[in-house]
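# Could you work out the structure for the sequence below:
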Amino acid sequence: MKFLVYFFLLIIIVLGGFSAFFYITECKPLNHKIEGLKNENRTLTEIVTKLKKKMEEEKDSDTGDSYKRNIIDELSKISTEESFEIKRAEKGVEINLPGLRLFNPGEEKLSGEGLLLLSKLGKILKNATTGEINVEGHTDDTKIGGALLKKFPTNWELSAARAINVVRYLQEETGIPPERLSVAAYGQYRPIFPNDREEYRQKNRRIVLVLETPREIGEMIHRVDTDSLTEEVKGGE
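Below is the predicted model of the structure:
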């Protein structure tokens, strides 16, 4: 009986030793390999993510620049004749329209000259871009006085009324969808020149159209397939 007990104990010890030997020689190295592969996979994923982001940023920049160039080319056809400025901006393209070209002094209604100018601009803007158009109203720092005070207590109200009338014209007369139009009123608080000379004050009285880069421009960037990028990364190792 004791012999059988010792025999079974011996078998258990041998099997335990064999299991320990198998774990040390086979399982443990395999676990290390699995952990190593996980780390390598995480590294590759990070590389792929960074590469994808960089490529998207570069393509987005190229596409956005191309969009801005096309808009500027279209607007340049009438900018010299109509005496307004165009420039690239972070959000897209800015059109700086002198207040004297659009309104009579102290008035918010568009002048005859202003209507003609916006008619030409509206035709281009309707067809050349699908992005949002933010219309900004700006004034100089001359205080509102006389009978105008009842209508416009401050330059905030005057700049807002002028911007709104521009938006209404672009919507109602040129057919630009209202969901693409918005208004901002800055009054006298964002001058481009000091208000210490009449010529500078004239430049500060302005309407600025901000043509934002269309959302679809960013969305039309070619998506980079993660699997193909991973293969490219692996091929470069």
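# What's the separation between Leu158 and Lys38?
Note on Leu158: its distance to Lys38, by CB to CB, to the nearest Å, is 65 Å. Yep, even glycine has a C-beta here, placed from its N, CA and C like the rest.
# any weak-confidence spans in this structure?
The chain contains residues with pLDDT under 70 at 1-33, 36-37, 40, 44, 47-48, 50-67, 214-237.
# Now tell me what touches stretch 152-169 from outside.
Contacts with stretch 152-169, where a contact means CB atoms under 8 Å, 6 or more residues apart in numbering, come from 99, 102-103, 108-110, 115, 118, 122, 135-144, 148, 151, 181-188, 207, 209.
# Output it as CSV, nothing but the C-alphas.
Taking Å, rounded to 0.1, in the frame of the first residue of the first chain, the C-alpha atoms of stretch 152-169 are listed here in CSV:
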residue,chain,number,x,y,z
PHE,A,152,-29.0,103.7,-34.2
PRO,A,153,-28.1,104.4,-30.5
THR,A,154,-24.5,103.3,-31.2
ASN,A,155,-22.3,102.1,-34.1
TRP,A,156,-23.2,98.5,-33.1
GLU,A,157,-26.7,99.0,-34.4
LEU,A,158,-25.5,100.8,-37.6
SER,A,159,-23.0,98.1,-38.5
ALA,A,160,-25.6,95.4,-37.8
ALA,A,161,-28.3,97.1,-40.0
ARG,A,162,-25.9,97.5,-42.9
ALA,A,163,-24.7,93.9,-42.7
ILE,A,164,-28.3,92.6,-42.5
ASN,A,165,-29.2,94.6,-45.6
VAL,A,166,-26.3,93.1,-47.5
VAL,A,167,-27.4,89.6,-46.5
ARG,A,168,-31.0,90.3,-47.5
TYR,A,169,-29.9,91.4,-50.9
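# neighbour count winner among Leu158 and Lys38?
Set Leu158 next to Lys38 and count neighbours by other CB atoms under 10 Å: Leu158 wins out with 26 against 10.
# before we move on, which element is the more buried one in?
If you go by DSSP states H and E, Leu158 is part of helix 155-172.
# Helix or strand next in line after that helix, which one?
strand 181-187.
# can I get the CA coordinates of the helix or strand that that following strand is followed by in PDB?
Downstream of strand 181-187, the next assigned helix or strand under DSSP H and E is helix 198-204. In PDB, the C-alpha atoms belonging to helix 198-204 read as follows (Å, rounded to 0.1, in the frame of the first residue of the first chain):
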ATOM      1  CA  GLU A 198     -10.500 111.000 -42.400                       C
ATOM      2  CA  GLU A 199      -8.900 108.800 -45.100                       C
ATOM      3  CA  TYR A 200      -8.400 106.100 -42.400                       C
ATOM      4  CA  ARG A 201     -11.900 106.400 -41.000                       C
ATOM      5  CA  GLN A 202     -13.200 105.900 -44.600                       C
ATOM      6  CA  LYS A 203     -11.300 102.600 -44.800                       C
ATOM      7  CA  ASN A 204     -12.700 101.500 -41.400                       C
END
